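**Q** What shape does this take:
(2 chains)
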Amino acid sequence: MSVDDRLGLLTYKNDHESHIKINNHDVCVNTCKDKPCTVLCPAAVYVWNGQAKQIKVQHENCIECGGCRMICPYHNIACDWPRGGFGVSYKYG
Amino acid sequence: MSEDIFDAIIVGAGPSGSACALKAAEGGANVVFVERGDYPGAKNVQGAVLYAKQLDAVVPQFWKDPEFPGERNVTEQRAVITSGREDWVSVSFRGGRYKQEPPNCFTIIRCQFDRWFAKKAEEKGAQLFTGVTVRELLKNNGAVAGVKTSEGEDLGSRCVVACDGVNSMVAQKLGVIDEWRMDEVAMGVKEVLELPKEKIDDRFALEGNEGLTIEFFGSISHGMIGYAFLYTNKESLSVGVGAKLSDLRRTMIKPYDLLDFVKTHPYISRLIKGAKPLEYSAHLIPEGGFHSMPPLTGNGFVICGDAAQMVNPTHREGSNLAMTSGQLAGETVVYAKRKNDFSQATLQEYERKLKASYVWPDLWEHRDVEINVEKDPSILEVYPRLIVEALYHHFTVDGRPKAVHKKETMALFLKERGLLKILQDAWRLRGAVG
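**A** Numbers count the residues shown, from 1 in each chain, chains lettered A, B, ... in the order given. Reported below is the predicted structural model:
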């Protein structure tokens, strides 16, 4: 089962406003070697876009574990909570 | 509603938040608990095993409530130690007495439980606001005096109780924690799989409301500190795995790949065969324990549950510590209201209560276990293998005398670990058992 199929099981109320921000994209390009956010995020929110040379943030995938803030070796990810009522709504949890 | 000054604003409507709201309201305090999800539980994930004793302390004899959403009464608990992909040893404890009252623990569907529990607090007079994210804290003369929501609304209160989980916004805004280190948290991923009751009963040898929980240790966690689990619900199974975030960082294993590795393990794959995935989820689990606990009180604030790192991972306990800490915080709010003083000196009553309960001693007892394992992670690989090899020798009949098998087993233990090291390991891990 792919991660997309897994996320497809979930109910989201998507906010047009992203609750996640990369503070400085230069850090991802120049400093960060193995880009752990693209591997360890359980909802594949972070994807390295080689052409645009930046991390693409698919905030609508986020299941709000908060791990990215700790995973980023440069504390370059600002992940706040979505506004009240937005984001993922688990039915089982 | 912003005109009201509440005795307490409780941030989060999980096990600690609802327990706190219930006890505070029951004692006559004017409290509100705010939940950022559309309903209590919307953002919450747990295995989930719920211990009865701590809920009974807040909702007496809850198991008699026809609306209590318990899935199965856990009568059997099993630990499976895996070596490689094909070998394992299992120990199962079946406690017939758990079928009598009081029960020990239930499997639950966490979102259903959180809704039920929050309703119990509302019935006692606590107000519940859902869909409200707290963004800032209000301060008055250095004391916490309320919260500001993501919609810009101010809610005033005489104290704030942080029950907002492992990523506690309140604790961060208080400045008592910055960010957890990767070795202070584990990441858990799980799936709920639908399977008819008869199949579950047959596959796990259960009857009626009996439930079984299984935890898997050893090779299944790829040398990372963590374990996998398989729990029986009424008509579904919960399967998941957790590992320290620092270990995932080291191995760079994708959390959902780790879950696939668990689901395809031969012990598990045949038990979940044909079950339909209903939901996938991920959550952080605080595992820093005693050494990572922030200051628990201050002028106008109290911190409970996951927000305060109150988890005992070797005993898979967390929501019970959350409920107890929430209960004690709720009692403390009532105490402070009576004294008409919400300063730290009064709110420290909460810490005194925690120390007199099981919460503090258990966290203290467990304080160095994970640190000791991290000093020598080979423990996680060596012992499962040695136990499996010892049993292999015990059960194998190959024409050689038993004495030869015994000698080979002893030699293997001495070669792989040595007597002194084994004693040292036992001492290091003493907090994990008993």
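
**Q** CA only for contacts and neighbour counts going forward, please
**A** Noted.

**Q** Please, where are all the helices along the stretch 151-300 of chain B?
**A** B:169-174, B:197-204, B:245-251, B:255-263, B:266-269 (DSSP state H, counting those that start in this stretch).

**Q** Which of the ones you listed sits closest to chain A?
**A** Nearest of the helices of the stretch 151-300 of chain B to chain A, taken as C-alpha to the nearest C-alpha: helix B:255-263 at 5.5 Å.

**Q** The closest one close to chain A?
**A** Yes. Helix B:255-263 reaches chain A (C-alpha under 8 Å from any C-alpha of the partner chain) through B:255-256.

**Q** same deal with stretch B:135-151?
**A** Yes. Residues of stretch B:135-151 are located near chain A by C-alpha under 8 Å from any C-alpha, namely B:150-151.

**Q** if I look at the residue nearest to B:F229 when sequence neighbours are not counted, how far off is B:Q344?
**A** With sequence-adjacent residues excluded and distances taken as C-alpha to C-alpha, 6 or more residues apart in numbering or on different chains, B:F229 is closest to B:E215, at 4.4 Å. As defined by C-alpha to C-alpha, to the nearest Å, B:E215 lies at a distance of 41 Å from B:Q344.

**Q** repeat for B:P69
**A** In terms of C-alpha to C-alpha, B:P69 sits 37 Å off from B:Q344.

**Q** on that earlier part again, would you mind giving the helices of the stretch 151-300 of chain B as JSON lines with mean neighbour count and mean pLDDT added?
**A** Compiled in JSON lines, those are given as follows (neighbours: other C-alpha atoms under 10 Å in any protein chain shown; pLDDT from 0 to 100):
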{"stretch": "helix B:169-174", "mean neighbour count": "20", "mean pLDDT": "96"}
{"stretch": "helix B:197-204", "mean neighbour count": "16", "mean pLDDT": "98"}
{"stretch": "helix B:245-251", "mean neighbour count": "20", "mean pLDDT": "97"}
{"stretch": "helix B:255-263", "mean neighbour count": "21", "mean pLDDT": "98"}
{"stretch": "helix B:266-269", "mean neighbour count": "15", "mean pLDDT": "98"}
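
**Q** of all those helices, which lies closest to B:C163?
**A** Counting by C-alpha to C-alpha, B:C163 lies closest to helix B:169-174 out of the helices of the stretch 151-300 of chain B; the figure is 8.6 Å.

**Q** what comes into contact with that closest one?
**A** Helix B:169-174 has contacts (C-alpha atoms under 8 Å, 6 or more residues apart in numbering or on different chains) with B:11, B:134-137, B:162, B:164, B:177-179, B:303, B:307.

**Q** In CSV, could you pull the C-alpha coordinates for that helix?
**A** Extracted C-alpha coordinates of helix B:169-174, given in CSV (Å, rounded to 0.1, in the frame of the first residue of the first chain):
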residue,chain,number,x,y,z
MET,B,169,2.1,24.7,22.2
VAL,B,170,1.5,25.9,25.7
ALA,B,171,4.7,24.5,27.1
GLN,B,172,6.6,26.1,24.3
LYS,B,173,5.0,29.5,24.7
LEU,B,174,5.7,29.3,28.4
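
**Q** Give me the distance from that helix to the chain's centre.
**A** On the basis of C-alpha atoms, centre = their mean, to the nearest Å, helix B:169-174 sits 21 Å off its chain's mean C-alpha point.
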